[in-house]
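Q: Here's my sequence, what's the structure:
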Amino acid sequence: SDLRPEKAHEKEPPPPIRTGVQIPRKLWDVVRKMLAKRPQDRYATPAEVAAALQPFCEGHDLAALVRWHQEEGYAGSSLARTRTDNPSNVDTWWSKVRSGASTVYPTRRWLLGTGLPLLTMAAALAGALWLVGDVRREAAVEAESRAKKNLTALARSAARNSLANQISQRFAILSRAASDPLLKSQLEKINADPEDETLRQPLMQWVKDQFVNTHSAATPQSWFVNSRDGTQVARSPPSETSLGENYSQRDYFHGQGAKYTPGAEGELPIITEPNLSAVYRSSTSNKLKVAFSHPVWSDRDASGKREVLGVVAMSIDLGQFNALERELSGGNEILLIDTRYDSIEKALKRGLILHHSDHKIDEREKPLRVEAEVLQQMLDNPADEAFLTRYRDPTANSSQLYWGAYEPVVFDVDGEAYRTGWMVLVQHDVPTY
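A: Predicted coordinates:
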C-alpha cells in the first residue's frame with residue numbers, strides 16, 4: 001500500500017540502538033517510553049521527559065563527552081556520520097545540524113512555519129532600516145540646504161555691511177587727512193632735506209591730533225607718516241623704536257604684497273591708492289597688525305602732474321574686528337581670513353585667520369590658518385559657489401565638521417571699490433543624524 005511508510009511507526013517496533021557503549025537500563029526505559037506506540041503509554045508533556053532525563057545529566061560534563069565522541073579514530077562513536085552504503089538511511093546528528101530538522105533538506109512544514117516568517121521578518125527589518133536611512137539622508141540634505149541659505153546671507157551681510165563699512169570709514173578718515181595742506185607742506189620739506197630732523201616736529205603734533213580725534217571712531221593702535229623714501233617721520237603714540245626707521249619694505253608702503261622683493265636698482269615703489277596691508281609684526285609691540293594706508297599726493301603743477309609725497313597710515317591689532325560679532329546668531333561662528341601671502345613666519349604663507357568669534361587670535365603665539373583645501377576653494381571661487389561642506393576648523397581640537405559660507409570683503413573710497421583679499425567665513429557645526 002502507498003500508506004505503508006506513513007503507518008510503519010504504528011506497528012513495527014523501533015530499531016535497536018547500536019553503539020559501542022552500554023546504555024543504562026533505566027535510560028533505555030525512558031527512551032522506550034518516549035517511543036511507545038500508544039499515546040497513553042508515552043510521556044504526556046516535555047516537562048515529564050525532562051524530569052525523567054535529569055538524573056542522567058547531573059554530574060556529567062556533556063560538552064566534554066561530545067568532544068570525546070568526536071575524536072578522530074573513535075570507531076564506536078554514536079555521533080559518527082551516516083554510512084553511505086547503509087540502506088537504512090537513518091538520520092544522524094550531522095544531517096540534523098545541517099537542515100535543522102529530521103531530514104537533510106528543510107521540510108514544507110518548516111518552510112511554512114519557520115522559514116517564511118523568518119524571511120518576512122528579515123525583509124521587514126531591511127525595509128525599516130532602509131526607510132530610517134532614507135529619512136536621515138533627506139534630513140541631512142534639508143539641513144545642509146537650510147544652512148547654505150542662512151550662512152550665505154550672514155556672510156554677505158557681514159562682509160558687505162558690517163566689515164566693509166568699518167574699513168571704508170577708516171579709509172575715509174585717512175583720505176581727508178591725506179589732503180591736509182600742513183601734511184603736504186611738511187612732507188615736501190622733509191623729502192627735500194631728509195637729514196633735518198627738526199622738520200618732523202610739526203608732523204609729530206599733527207599726527208597726535210589725528211590719533212586723539214579719531215580714536216573713538218576708528219580705534220587705531222597708532223597713526224604714523226612715512227616720507228617718500230619710506231622713513232617714518234612721525235608717529236603717535238611716539239616710539240623711539242620705529243621713529244626714523246625705514247619701512248619701505250613693508251606692504252603698507254609699497255602695496256605690492258608680502259612676496260615683493262626690492263630690486264638692487266631703480267626707484268622704490270610707493271602706493272598710489274588706498275591699501276589694506278598684509279599682516280606684519282610690529283617692531284614696537286611685537287603684536288600682529290594690519291595697516292590702513294593712504295598716499296599723500298602733492299598739488300598738481302601747471303601741467304596737471306602730481307607726485308606721491310609719502311604715506312599716512314593707521315594700524316590696528318588683530319582681533320579688533322568686533323563689528324563682525326553683530327552678525328552672530330544661532331550658534332554660528334564667524335571668521336575673518338586673509339587669502340594673501342604674509343611673511344610673519346619664515347616662509348611665505350596664506351590663509352591667516354585674522355579674527356575668530358570663539359578665540360582671541362591676537363593672544364596666540366603661533367598664527368592660525370585655514371586648511372589648504374578651504375583656502376584653495378576660496379581662491380578658485382572667490383564669489384561663486386561660496387559654500388563649504390564638511391571641513392575642519394583649525395582652532396578646534398576635535399574632529400567636528402562644519403558647514404560654512406564665505407564672502408569677499410570689498411571697501412569703497414570716494415566711489416571707487418577696492419578688493420582686500422579678505423574673506424568673511426560664517427560657519428556652523430554639522431549635526432549628527
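
Q: Okay, helices next: where are they in the stretch 301-433 of the chain?
A: Under the criterion DSSP state H, counting those that start in this stretch, the stretch 301-433 of the chain contains helices at 372-380.

Q: what is the mean pLDDT for the longest helix belonging to the chain?
A: In the chain, with assignment by DSSP state H, the single longest helix is helix 116-157. The average pLDDT within helix 116-157 is 81.

Q: now swap in stretch 226-245 and tell me
A: 95.

Q: export it as CSV, just CAs?
A: Written as CSV, here are the backbone C-alpha positions of stretch 226-245 (Å, rounded to 0.1, in the frame of the first residue of the first chain):
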residue,chain,number,x,y,z
ASN,A,226,56.4,107.9,6.1
SER,A,227,58.3,110.1,3.8
ARG,A,228,58.9,109.4,0.1
ASP,A,229,61.9,107.1,0.8
GLY,A,230,60.0,105.1,3.4
THR,A,231,61.4,106.7,6.6
GLN,A,232,58.9,107.0,9.5
VAL,A,233,58.9,110.7,10.3
ALA,A,234,56.0,111.0,12.7
ARG,A,235,54.1,108.6,15.0
SER,A,236,51.5,108.7,17.7
PRO,A,237,51.9,107.3,20.3
PRO,A,238,55.6,108.2,19.9
SER,A,239,58.1,105.3,19.7
GLU,A,240,61.8,105.5,19.8
THR,A,241,62.0,102.0,18.3
SER,A,242,60.2,102.9,15.0
LEU,A,243,60.7,106.7,14.5
GLY,A,244,63.4,107.4,12.0
GLU,A,245,63.5,103.7,10.7
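
Q: that older thread, how far out from the middle of the chain is the longest helix of the chain?
A: Counting by C-alpha atoms, centre = their mean, to the nearest Å, helix 116-157 is centred 20 Å from the centre of its parent chain.

Q: And stretch 268-277, by the same measure?
A: On C-alpha atoms, centre = their mean, the centre of stretch 268-277 falls 37 Å from that of its chain.

Q: And the contacts of it?
A: Here stretch 268-277 makes contact (C-beta atoms under 8 Å, 6 or more residues apart in numbering) with 167, 171, 174-175, 228-230, 248, 250-256, 260, 262, 290-295, 308, 310-311, 411, 413, 416, 418, 420-422. Glycine gets a C-beta too; all of them are placed from N, C-alpha and C.

Q: Cross those against strands and list the overlap.
A: Secondary structure of the contacts of stretch 268-277 is defined by DSSP state E; positions in strands are 290-295, 308, 310-311, 411, 413, 416, 418, 420-422.

Q: which among those residues gets closest to Ala123?
A: Trp422 (56.6 Å; C-beta to C-beta).

Q: so what's the closest one scoring on pLDDT?
A: pLDDT, Trp422: 94.

Q: Of the ones in strands among the contacts of stretch 268-277, keep whichever come out buried.
A: By neighbour count, with 16 or more other C-beta atoms under 10 Å, those hold 290-295, 310-311, 411, 413, 418, 420-422 as buried.

Q: now, among those residues, which is nearest to Glu188?
A: Gly310 (9.3 Å).

Q: Who does the closest one form a beta bridge with?
A: Legend: beta-bridge partners of Gly310 under DSSP bridges are Ser227, Val296.

Q: where does the stretch 1-150 of the chain dip in pLDDT?
A: The stretch 1-150 of the chain contains residues with pLDDT under 70 at 1-12, 14-23, 56-106, 108, 110-113, 131-132, 135.
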